[in-house]
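Undergrad: Need coordinates for the below:
(chains A and B)
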Amino acid sequence: MSDKPKFAMYWAASCGGCEIAVLNIHEKILDVDANFDVVFWPVAMDAKYKDVEAMEDGSILLTLFNGGIRNDENEHIAKLLRRKSKLLVAFGSCANEGCIPGLANLSPVGEIVTTAFNTVSTDNPNQIYPRTSFDTPEGEIHIPTLYPRLKTLDQVVDVDYYMPGCPPESHQIAAVIDLVVQVLQGKAQLPPKGAVIGAGTSTVCDECKRTRHVKTITSFKRIFGQPIDPSLCLLEQGIPCNGIATRDGCNARCPSAGAQCIGCYGPAEGVVDYGARLITGFASVIESNDPDQIDRILDGIPDPTGQFYRFNLAGSLMKAGVSAWKKEKV
Amino acid sequence: MEKIGVYVCHCGTNIAGMVDVQQVAEWAAAKLQRRGVVIGRDYKFMCSSLGQELIEKDIKELGLTRVVVAACSPHLHENTFRTACKRAGLNPYLCELVSIREQVSWVHTDKDQATAKSMAVVSGGVERVIHHAPLEPMKVSIHPDTLVVGGGIAGIQAALEIADAGYKVYLVEREPSIGGHMAQFDKTFPTLDCAACILTPKMVSVGTHPNIELLTWSEVEKVDGYVGNFAVTIRKRARDVDTSLCTGCGICWEKCPKKVVDDKFEAGMGMRKAVYTPFAQAVPKYPVIDRPNCTYYIKGTCKACEKFCPTNAIKFNQEDEVITVNVGNIILATGYDTFDAKRIAQYGYGRLPNVVTSLEFERLCNAAGPTNGEILLKDGKTKPKAVGIVHCVGSRDKHYNEYCSVICCMQGLKFAHLVHERTGAEVYNFYIDMRTPFKGYEEFYQRVLEEGTHFIRGKVAEINNAPRTKEEEGKLIVQVEDTLVGVQMRIPLDMVILSVALEPRHDAKETAHRFGLSCSADGWFIEKHPKLDPVATMTEGILIAGCVQGPKDIPATVSQGAAAAARALGKIHAKEIALEPFRASVNEEQCSGCRICNGLCPFNAILFHEDRMVTEINGALCQGCGTCVAACPAGAISGTGFSNEQVLAQIEGLLLMNIGEEALA
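TA: Below you'll find the model as predicted:
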């Protein structure tokens, strides 16, 4: 084994897009190899959990952890990697704020399992559902147990840095890797613990080139079906663009391409609850004092949870669609 | 670690009757010790000087760095306790008042639960106060000029009080003359003074006062600024008369060939011309041209007024003039509208010619009115032999307005007297309850009783003209139950007067919005405190007087006009005012210039820098209302006293018993 600093990357409840994004940094990936000894990266190389367990605590310099904590396996590995790593980075939207898997927090586990194993697209005539443990002649075997709700990484373990995005933009990943390499070479310093890295401090509007005026909204529209002014702020045209509350760092990719921001970079620096901020932001510029008309305007947002909490439900103040007064048994 | 003192008030039995205050104080001292609470006390009246001294003593002797008082609403005593802290050398803004009276003891019925909730509220206050920072109030100067909006008796009184004290007043009135509703009345109850005789001298004083700039036929369009420094945009509508040339001789309206039904001043009972002053003693004396009704504006010819004007004062196609005035205080005295009696179809108003409203009757019996004060039926010649007066038309009625319109009982008695005196007719008063509470009112009631007026206690069910007997033929029949006798009655009458409710102005909501005020559910403007601050509003520097705040009679209206003037004069004399240091500010790093907030500020304190694409808040204009703080989607705007840390800490404190102490930072 070389004496290069050790690097690990793990996926918990996620889609795998974050790994692709890391590979998408092109030749910069060679810098990773040149400067790090990759000790654990299930999607890219073979390794066993016991190998990690055998490592000395704190022996991994940098771990990029993507995915939310959905089951006991996720939690076990999160805690394991926390112990073994000097720097644990919540990498990508799922680890930061729950992302799409976090939307399942609106449903109880039973419903999630039913949906996954018994829908129109799943042929399950014998109503077979997974069990978490099963006795075989060779002994009892286990699969991970789903938790009542998905948690973000920092709701389970201490996190050193946060890198948002679904997935994080390649140029931002490259910049972060550059920074870590420079720190290793003594040419730069790490940001303070708890900082958001690989992103800006303002909102997507800061990077958006569209022109903006004082806003008033008289109706919400979909992106298709009517002409969209290519140079004017989408929100001013009634397109529910989430850029106003979303952290910058993506170069306003979606609005530049003519699509509204859906918020994958998560809450901006000063935002505590992303969805709540968006709701008050939108509501503030709805141009009507007539309750019925306001209702009609709001009907233009057919899926409020998807609009306001698509990426952030598990990381929001609410965290889940459960009563706050019931004690959870996690 | 902060040293926090917790003080729980009994408020006599107001709080202590429903909350175990001693237990709350002891709990705070014991359980919140690790959060920094060093002392917990309860006291009978925390707001008394002895209660305040308790706090002051602890600050000095225990070295408290934060104070939490659990008592009434901050509206009442926040200032009391802040001042106590200040006297003891602690920055007043390091004191937090949490309400366990309005929000706990007054709204709960279970003592155990109310006590538990009080503990939660105290815990929230403790967590919040930890995040407070010492603040200094901001001092701003007070512009000595005052704007009075509305030229009725309330506005007139207010304007004269201030002008007589030597300060400039702008008096804005949207009609061509000041005078308001009072100018329409004949006599005033209970003294039966002639309304014009007591009002017109005041109107003349307003018109000639060197300190009053009278802006009639004008409306306020926009209000910028804040207490002490308002900039008010006023539209002076074109009169089509050059007031520097006009002598008010009246030749123009004599010569004007166009007659128009006067539905404002004459309440539809009389006619006026297309160029007119509303009444003979109008102030100012200059007429206006009613463009929609003027033959010249309709057909392009006529100009009789211009031809005959001896001073060439008629100027067709004059343009509106928009002016901006700077004032320190604003008094709103925009008055009331009357209830539309057509809404009660069974009373036949609008369908039965001799059913009239109270305002119409005022014109009918006014010596300067369309009949020269003769009380006549619609035919213009017959004196009525029997007249009914229906009280509470549109008032005290769940279908229309639940409130009492205050003036109708006395007005009904006044009408009864006038009808008696002038026609000798039989008079019937149909009332629900007779309310004659003020000076000389009960005596007037007795006088009218002695005059032989019939009083029937019952709500009129219907007024119709369908006779059942010979005596009822050609009469109005009032169907009513006399609830004191318990019999249904049909009373044939010649004339019925409907005492219509006073209602908020039809555009009261827009006016409230323009001046940054709130309306009650009924639509009356809300005063700062219903008993102790009836002419102030929640917007500092904006005062209200008269019926704009709720129905009232002339003496009460005049008192309010004078009271509002006194409040304004107090501020003018003080020359400057300390404003709460609660301000919003923008973190420019986080502001992306999305412009969501740009159109929201009610005080126009938000400016946008196009070049840098960031928003800035003018601290002098900002009133700390928090609208932009809530709206900013980037969380780039924060408000002093209401930071995320403070609000979230308070919530965590409230939930202490649910989330456990270890969850607190």
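Undergrad: tally of neighbours for A:Leu30?
TA: 10 (other Cβ atoms under 10 Å in any protein chain shown). Where you see a C-beta, it was placed from the backbone N, CA and C, and this is true even at glycine.
Undergrad: State whether it is indeed within a helix.
TA: Yes. Under DSSP: H, G, I helix; E, B strand; the rest coil, A:Leu30 sits within a helix.
Undergrad: any idea where the helices of the stretch 201-330 of chain A begin and end?
TA: Under the criterion DSSP state H, counting those that start in this stretch, the stretch 201-330 of chain A contains helices at A:204-207, A:253-256, A:274-284, A:291-298, A:304-309.
Undergrad: Quick check: which of those is buried the most?
TA: Most buried of the helices of the stretch 201-330 of chain A by mean neighbour count (mean count of other Cβ atoms under 10 Å in any protein chain shown) is helix A:204-207; its value is a mean of 25.
Undergrad: Give me the contact list for that helix.
TA: A:200, A:212, A:233, A:242-244, A:246-252, A:255, A:261, A:265, B:592-594, B:613, B:634 (Cβ atoms under 8 Å, 6 or more residues apart in numbering or on different chains).
Undergrad: which phi and psi does B:Ser141 have?
TA: Note on B:Ser141: backbone dihedrals following degrees, to the nearest 10 are phi -80, psi 160.
Undergrad: for B:Tyr428, same thing?
TA: phi -120, psi 130.
Undergrad: Just confirm it contacts B:His391, I think it does.
TA: No. Taking contacts as Cβ atoms under 8 Å, B:Tyr428 lies outside contact range of B:His391: 11.0 Å.
Undergrad: Of these two, which one has the most company?
TA: Higher neighbour count among B:Tyr428 and B:His391: B:His391, with 27 against 23, using other Cβ under 10 Å.
Undergrad: Going by residue numbers, what spans are strands in chain A?
TA: Using DSSP state E, the strands of chain A run over A:6-11, A:37-40, A:60-66, A:69-71, A:85-91, A:133-136, A:139-142, A:146-151, A:161-163.
Undergrad: Around chain A, pick out the residues from chain B.
TA: B:587, B:589-600, B:608, B:613, B:627, B:630-636, B:638, B:644, B:648, B:658 (Cβ under 8 Å from any Cβ of the partner chain).
Undergrad: Which of these are buried? Put it as a ChimeraX command.
TA: Buried residues among the residues of chain B next to chain A (16 or more other Cβ atoms under 10 Å in any protein chain shown), as a ChimeraX selection:
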select /B:587,590,591,592,593,594,595,596,597,598,600,608,627,630,631,632,633,634,635,636,638,644,648
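Undergrad: Show me the shaky parts of chain B.
TA: Applying pLDDT under 70 to chain B flags the ranges B:659-665.
Undergrad: most remote residue from the chain's center?
TA: Picked chain A for this. A:Pro137 (41.0 Å; Cα atoms, centre = their mean).
Undergrad: That was the other one, I meant chain B.
TA: Computed with Cα atoms, centre = their mean, the most peripheral residue in chain B is B:Lys470, at 50.6 Å.
Undergrad: Confirm that that one lies within a strand, as I assumed.
TA: No. Read with three-state DSSP, B:Lys470 is coil and lies in no strand.
Undergrad: if I look at it, how far off is A:Lys215?
TA: To A:Lys215, B:Lys470 is 73 Å away according to Cβ to Cβ, to the nearest Å.
Undergrad: How many neighbouring residues does residue 45 have?
TA: Reading this off chain A. 10.
Undergrad: Can you look at chain B instead?
TA: Around B:Phe45 there are 15 residues (other Cβ under 10 Å).
Undergrad: who are the neighbours in contact with B:Met434?
TA: B:Cys409, B:Tyr445, B:Phe455.
Undergrad: Quick one: those as CSV, columns for distance to B:Ile577 too.
TA: What follows is the contacts of B:Met434, written out as CSV (distance: Cβ to Cβ, whole Å):
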residue, distance to B:Ile577
B:Cys409, 41
B:Tyr445, 46
B:Phe455, 52
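Undergrad: Can you list which of these are found in strands?
TA: B:Phe455.
Undergrad: Tell me who's in contact with B:Ala304.
TA: Counted by Cβ under 8 Å, 6+ apart, B:Ala304 has contacts B:Lys255, B:Cys256, B:Pro257.
Undergrad: Apply 6 Å and report the result again.
TA: B:Lys255 (Cβ atoms under 6 Å, 6 or more residues apart in numbering or on different chains).
Undergrad: Same question for B:Val356.
TA: B:Ile497.
Undergrad: One more: B:Pro534?
TA: So B:Pro534 contacts B:Glu527 (Cβ under 6 Å, 6+ apart).
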